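1. Fold the following for me, if possible:
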Amino acid sequence: MRRLGFVIVMMLLWLGLAVPAMAQSPDPYAKGPHIAITLSAESARPAPGGTVTIAYDAVPQPGWHGYWQNPGDAGFPAKLIWTLPPGVTADAPRYPVPTTLLIGEGADALQNYVFDQRFTPLIDLHLPANLAPGTKLPIRLKASYLVCTDQICVPEKADLALDLVVGDGAITPEARAHFDAFRQALPKPLGATATYQRDAKGLRLAIPYPASAPLSDAYFFATTPNRIAYNAPQKVTREGDRLILETQVSKPTDGPIEGVLRIGRAQGLLLRAEPGAVPVPAGQAPMAAWLPAALLALGGALLGGLILNVMPCVFPILSLKALQLARGGVDEGEARREALAYTAGVLSVIVGLGAAILALRAGGTAVGWAFQLQNPGVVAVLLLLVAALTLNLAGLFEIPTPRFVDSASGASGAFATGALAAIIATPCTGPFMGAALGAALVLPWYAGLGVFAGLGLGLALPFLAVGFVPALRRALPKPGAWMLHFRHFLALPMGLTAVWLAWVLGGEAGVDGMAIGLAGIVGIAAVLFLVGERQRRGLGVGLIGLVALLAVTGATAWAVKPQAKAATASTGPQSFSEEMLATLRANRKPVFVYFTADWCLTCKVNERVAIDTDAVQAAFAKHGVTTLVGDWTSGDAKLGRFIEAHNRAGVPLYLYYAVGAREPELLPQVLTPDLLIAKAGG
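-> Coordinates of the predicted model:
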């Protein structure tokens, strides 16, 4: 009540003192109007029975601002009183995304939703169908609005007029361009329902939003009045394919909450939230809520890391290092120090990689385990590293101090060996790892890091056990000539790992990229052969050898480039245009058209589980179906008009044009592969 009284007093002061102050002073406040408003129509000759869009174009003077449809804690929106010809009706204005203006501090602060730059709401007028061509349509509007600075508010009025004539609905190119720009500034329909939940801590909104979609300066502007506390801070957390927005309640009322979610500068989404369960963000949930899942994920990570040791990429390194502890002369203290150092090396890499993944996801980047392998340059470096290890195990050369694999170099060598084992293990995914690491990405960050540490501990566990359990060391075969043959044998699984990495590189960079990687292996092998010759003469690697190795590795990583995905003539998605669609239909081609946006979760799910599947693409190729895709992320006005023409306010929109059909078939908003395959074959 105290805040309400404060608002009322402020409004009375503004309204009561503004006029005398303006009358007695020649300062800029006396020069009105402080918002210049003009009306314009998209078509000066609207068609009978059609709709004509009117622009309420408002330009505030510098330092002044007008108000959004919900002004927030103070102010009021423009009041529009239309005088229209008989039968003509006007819709409510559609506003662009506003900005916030916070006045004061603490509990008595006022949060207002305002426009301090040019803003243009759009209003649709609907004409009756019985109007005769040439009929004059006088459009009159009385607008009452409040305009303010940070010190004073002034109520103003504007009498606006617009004269139209019933005609053919033609739109000039200039008017089209202006209204396209106005429409692009309007918030777009989200296309999915959000949920909200109230509890003792306030209000939480769960909003479907793809993890890969960009997001900046997020803020929820409620159009449903008096449901949220406008001056309360809003906290937005990204959790996978949704946003969790937390704020305070104004009045604990049930029913839907509507509003606009700002997702970037002057970009917003219209959304509607229904009551429902909304989880507390993982980082804020009480321990009892996530501890069972964390313990289960930790167990899976430990087991998955343990299984990694028998993978071809890790087993050779572990085997040789474990056998080295069985050599004579290693006391208990040294064995334990090496085991701990090896474990520290593994954990430093695995936990460091986990921290990078969690940090990137917190910043809105959709990444997961082994995300670095999506970069062909990284794959090329790993390929050359594994090839070098293969040649080392085969006896071509010896790795100098610190000796990573085949020598006892104390704690420093054990640490390096553990780090190397972890690096080589990152491309691998064993049983139990997928679920465990998936859980780590939605747990609180510290619990997620614990799961990654569990994976590293599982990877290090066999060597840790050998170092701390003398009986295990005694059970290992004693060193002898057989170890040389065993070492040469271990070159086989390491070489197979290199073959697999070459295949991965080919998938990312194409045949040319794979050829560059193989050429890099030849270059590395040539340098290492010379290094081995020097070592057999009692010499070291030498500065030239080290520089040559780095040069070959760097050149290979730089030379491989991601392969551009080739689109087939029949099935490769092409950018939508009405001209392209008309050409394809004139050539009697079946066409599948879909409209999507980066922020549309339903769109992205349909693309992943239906449109982009191999079975659907094969069916499209078999039956000659061409795919056109319209990207509505930025609100392209041409696409918007096409979408509206098919009775949809936003995306997703899926249309199938069969050969010879006069109109497209409107497909459901949730697609399945079987549905698309049936359409292609129909």
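2. Residue 592 is in contact with residue 679, correct?
-> Yes. Between residue 679 and residue 592 there is a contact at 7.3 Å, judged by Cβ atoms under 8 Å. The C-beta positions use only the backbone N, C-alpha and C, and glycine is treated the same way.
3. Touching both of the two, which residues are there?
-> Overlap of the contact sets of residue 679 and residue 592 (by Cβ atoms under 8 Å, 6 or more residues apart in numbering) consists of residue 656.
4. For residue 669, the count of nearby residues, please.
-> Other residues within reach of residue 669, judged by other Cβ atoms under 10 Å, total 15.
5. That one contacts residue 651, doesn't it?
-> No. Using Cβ under 8 Å, residue 669 makes no contact with residue 651, being 9.1 Å away.
6. Return every residue with contacts to both of the two.
-> Common neighbours of residue 669 and residue 651 (Cβ under 8 Å, 6+ apart) are residue 191.
7. helix or strand for the residue nearest the centre of the chain, which one?
-> The centre of the chain sits closest to residue 212, judged by Cα atoms, centre = their mean, with a distance of 1.8 Å. For residue 212, there is no helix or strand it lies in under DSSP states H and E.
8. Please report how far it lies from residue 358.
-> Distance of residue 212 to residue 358, computed by Cβ to Cβ, to the nearest Å: 17 Å.
9. any weak-confidence spans in the stretch 401-550 of the chain?
-> Applying pLDDT under 70 to the stretch 401-550 of the chain picks out residues 401-409, 428-435, 438, 442, 479-480, 482.
10. just checking, residue 32 touches residue 158?
-> No. Assessed by Cβ under 8 Å, residue 32 is found out of contact with residue 158, at 10.1 Å.
11. Counting neighbours, go ahead and name the busier of those two.
-> The residue with more neighbours, out of residue 32 and residue 158, is residue 158; 18 against 15, by other Cβ under 10 Å.
12. Near residue 170, how many residues? Count them for me, please.
-> 11.
13. tell me the contacts of residue 504?
-> Residue 504 touches 373, 379, 427, counting by Cβ under 8 Å, 6+ apart.
14. My guess is the second one contacts residue 373. True?
-> Just to be clear, that refers to residue 379. Yes. Using Cβ under 8 Å, residue 379 is in contact with residue 373, at 5.7 Å.
15. between those two, who's got more neighbours?
-> Using other Cβ under 10 Å as the criterion, residue 379 and residue 373 rank with residue 379 on top: 25 against 16.
16. Next, work out how far apart the residue nearest to that one when sequence neighbours are not counted and residue 498 are.
-> Nearest non-adjacent residue to residue 379, counting by Cβ to Cβ, 6 or more residues apart in numbering: residue 505, 4.8 Å away. Here the criterion is Cβ to Cβ. By it, residue 505 lies 10 Å from residue 498.
17. anything in contact with each of the two?
-> Common neighbours of residue 505 and residue 498 (Cβ under 8 Å, 6+ apart) are residue 383.
18. Comparing the two, which shows the higher neighbour count?
-> residue 505 (27 against 24).
19. ok but the more buried one is inside a helix, no?
-> Yes. Residue state for residue 505 (DSSP: H, G, I helix; E, B strand; the rest coil) corresponds to a helix.
20. residue contacts, it?
-> Taking Cβ under 8 Å, 6+ apart, we find residue 505 in contact with 376, 379-380, 383, 513-514, 517, 560.
21. Generate CSV for those residues, with secondary structure and distance to residue 249 as supplementary columns.
-> Formatted as CSV, those follow (DSSP: H, G, I helix; E, B strand; the rest coil; distance: Cβ to Cβ, whole Å):
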residue, secondary structure, distance to residue 249
376, helix, 51
379, helix, 51
380, helix, 55
383, helix, 56
513, helix, 56
514, helix, 59
517, helix, 58
560, coil, 55
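22. Out of the residues you listed, which is nearest to residue 349?
-> Ranked by distance to residue 349 (Cβ to Cβ), the contacts of residue 505 are led by residue 379 at 17.0 Å.
23. Thank you, goodbye.
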